[in-house]
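here you go, sequence then predicted model.
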Amino acid sequence: MDLSGRVAIVTGSGRGIGRGIAMVLASHGADVVISDINPDTAGKTSEEIRSLGRKSIAAAGDVSKKADVERLVSEALDAFGKVDILVNNAGITRDYLIEKMPEEAWDSVLNVNLKSFYLTIQAVMPVMVKSKFGRVINISSKACWVGNMGQANYNSAKAGALSLTMTAAREFGRYVVKEGCDMTCNAIMPGFIDTEMTQAVPEKVRQIMLSQIPLNRPGTPEDVGNVVLFLASRYGSYVNGAIIPVDGGFWMAM
């Protein structure tokens, strides 16, 4: 699983699952671009990666905006000359029942959780084709198949991410056939992962969630990062268009 010489962009990686993914990739040799809307958390994670002896830059910006995405990729190319791995992890929630959901709440969640995935893939695809290598991993959610109440915007965006993943996987296949590239696109669906967000869940609800997980524990951001590591490595070269749950078996409770 050696990623030495590889360059990764991880969106939403200032903290939480994104940070865990970035740290795993760096610990296995990758140089990492930390993308986050919060410059302070982006800088802190980037500094942690450099302490591991890897190269890293922090790129603050809003990945739901085309200009910010173009700047992100440009900064990555200026620093490292290429982009081998893209992990689309950036996400937000704005929860309301459908009848009370403001249009802004719908638009902002769809923009960050889905539009940003399209913008970043579009921006890195020519770079990956040129170097004949590319790995795109989109972070979705089981919520899109469960239909969590109050999360019509979030669920819709995460479902769209799965469809985008499969479409990109097919389009990448054209470059594999015509250009001899090694390019794949896959999606991961994390379950109950131990982050600041889930730590805020009331203890009673937390215990109910854990009771539905056969392994009886929350996952860690590093658990998600380890699956990203596999998909990003040469060992994942024949996994394409896949949707992989990382949830301790919670999938079976659906």
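Arrived safely. Numbering: from 1, shown residues only.

for the closest residue to L52 other than its chain neighbours, give me its contacts.
Spatial nearest neighbour of L52, excluding adjacent residues (Cβ to Cβ, 6 or more residues apart in numbering): A26 at 5.4 Å. C-beta: built from backbone N, CA, C; applies to glycine. Contacts for A26 (Cβ atoms under 8 Å, 6 or more residues apart in numbering) come out as V32, I49, L52, R54, S56.

got any ranges where this protein has weak pLDDT?
Along the chain, the model assigns pLDDT under 70 to residues 253-254.

hmm, back to that, and the residue nearest to L52, what element?
helix 16-27 (DSSP states H and E).

can you check L77 too?
Counting by DSSP H and E, the element that carries L77 is helix 66-80.

could you list the paired strands of the helix or strand that that helix is followed by along with their orientation?
For helix 66-80, the following helix or strand on the C-terminal side (DSSP H and E) is strand 85-88. With DSSP bridges as the test, strand 85-88 is paired with strand 7-11 (parallel), strand 133-139 (parallel).

quick one: the longest one to chain centroid distance?
Averaging C-alpha coordinates over strand 133-139 and over its chain gives two centres that are 9 Å apart (Cα atoms, centre = their mean, to the nearest Å).

and the helix or strand just after that strand, what's buried?
Where DSSP H and E defines the elements, the next helix or strand beyond strand 133-139 is helix 143-146. For helix 143-146, burial by neighbour count (16 or more other Cβ atoms under 10 Å) applies to A143, C144, W145.

ok, then the element right after the lengthiest helix in the chain?
Among the segments of the chain that qualify as a helix by DSSP state H, the longest is helix 152-179. Scanning forward in sequence from helix 152-179 by DSSP H and E, the next helix or strand is strand 182-190.

what is that next one packed up against?
helix 116-131, strand 133-139, helix 152-179, helix 221-232, strand 243-246 (3 or more Cβ pairs under 8 Å, 6 or more residues apart in numbering; DSSP states H and E).

tell me which of these sits most buried.
Mean neighbours per residue, mean count of other Cβ atoms under 10 Å, is largest over those for strand 133-139, with a mean of 25.

now do it against helix 221-232, angle only.
If you take axes from the mean of the first three to the mean of the last three Cα atoms, to 10 degrees, strand 133-139 sits at 150 degrees to helix 221-232.

name the helices or strands packed onto the longest helix of the chain?
helix 103-110, helix 116-131, strand 133-139, helix 143-146, strand 182-190.

roughly how far is it from the heart of the chain?
13 Å.

now do it against helix 103-110, angle only.
Using the same axes, to 10 degrees: helix 152-179 against helix 103-110 is 30 degrees.

can you offset everything so residue one is 25?
With 25 as the first residue, the last one maps to helix 176-203.

tilt between helix 176-203 and helix 140-155?
Using the same axes, to 10 degrees: helix 176-203 against helix 140-155 is 10 degrees.

re the thing from before, make a markdown table from the helices and strands packed on helix 176-203 and add distance to I109 to it.
Supplementary listing: the helices and strands packed on helix 176-203 in a markdown table, determined by distance: least, Cβ to Cβ, whole Å:
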| stretch | distance to I109 |
| --- | --- |
| helix 127-134 | 25 |
| helix 140-155 | 9 |
| strand 157-163 | 5 |
| helix 167-170 | 24 |
| strand 206-214 | 11 |
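
ok, which of the ones you listed comes nearest V229?
Using Cβ to Cβ as the measure, helix 167-170 is the one of those that comes nearest V229, at 14.7 Å.

tell me which residues are up against the closest one.
Q175, Y178, N179, S180, A181, K182, A183, A185, L186, M278.

do you know how far the closest residue to D108 other than its chain neighbours is from R258?
Leaving aside its chain neighbours, D108 sits nearest to R30 (4.4 Å; criterion: Cβ to Cβ, 6+ apart). Distance, R30 to R258, by Cβ to Cβ, to the nearest Å: 10 Å.
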